[in-house]
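Trainee: After the sequence you'll find the predicted model.
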Amino acid sequence: VTINALCRGKGEIAIPSQADILRALYAAWRLALRDTGAMAQFDISIAGFWRSFFAAVLVAPFYFLLLRLEYNLLPDAPALDGFFVVKGIFFLISWAAYPLLMIPVTRMLGLGQYYVGFIIAYNWSAVIVILVLLPPFTLFGLQVIGAGAAGFLNLLATIAVLYYRWFLTRTALAVSGGMALAFLFIDLLLSILLDVSGNRLLGI
């Protein structure tokens, strides 16, 4: 499925079934285990593309838990409701920004035929990512571990996530390791930009 086919497609956009979700999450997990054949387990179709954004619904509860833990650590915290509203808006923006940005990028690099599969894998991988990033913050928030241990575990989790996304990108787009690193850099830069923008609106 190419970008052009996606733009022309009129497939039904429906909530994925439980079986669809489990299959996609299993494929995302297999990618985390460096299984290049995992891409074949995703539903690489127009409907599968749109359904992959349902992963945001699965990620949201864990994301807002992380936000609550972050809020508790702010020295001059803004109003809680405003904090969640702004962060929630930027959460939604982030789910649209990277896929939209990748349309011209993949076209320019002649990778348009891989775009749909890449975004499908990228979206579902977000569930794996949030589950890897959550434990250090949760353990620290529950005062099970100290700041030093939490920082170290968070560093390890971040490295694991970056490697996972790098491997996913290299596999889904069929590019070199260096090219995958460039895509990862774009992703990181966009994430930082959105995070900084949200924090500025909140005055933190």
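Mentor: The structure has been received and is ready for your questions.
Trainee: Look up how far residue 75 lies from the residue nearest the centre of the chain.
Mentor: The residue lying closest to the centre of the chain (CA atoms, centre = their mean) is residue 126, at 3.6 Å. To residue 75, residue 126 is 29 Å away according to CB to CB, to the nearest Å. All C-beta atoms are positioned from the backbone trio N, CA, C, and that covers glycine.
Trainee: Ok, residue 181 next?
Mentor: From residue 181 to residue 75 the distance is 35 Å (CB to CB).
Trainee: Have a look at these two and say which one is more surrounded.
Mentor: Shown here are residue 181 and residue 75; by other CB atoms under 10 Å, residue 181 has more neighbours (14 against 5).
Trainee: wait, what's in contact with the residue nearest to the centre of the chain?
Mentor: Residue 126 makes contact with 55-56, 59 under the criterion CB atoms under 8 Å, 6 or more residues apart in numbering.
Trainee: do residue 151 as well
Mentor: Counting by CB under 8 Å, 6+ apart, residue 151 makes contact with residue 136.
Trainee: any idea which element it lies in?
Mentor: helix 147-173 (DSSP states H and E).
Trainee: Who are the packing partners of the helix or strand that that helix is followed by?
Mentor: Remark: after helix 147-173, the chain's next helix or strand is helix 177-202, criterion DSSP H and E. Packing partners of helix 177-202 (3 or more CB pairs under 8 Å, 6 or more residues apart in numbering; DSSP states H and E): helix 80-108, helix 147-173.
Trainee: Please identify the buried residues of the shortest one?
Mentor: Buried positions in helix 147-173, judged by neighbour count with 16 or more other CB atoms under 10 Å: 150, 153, 157, 161, 164-173.
Trainee: Which of the three states applies to residue 131?
Mentor: What DSSP: H, G, I helix; E, B strand; the rest coil gives for residue 131 is helix.
Trainee: Wait, it touches residue 62, no?
Mentor: Yes - contact criterion CB atoms under 8 Å: residue 131 and residue 62 qualify, at 6.9 Å.
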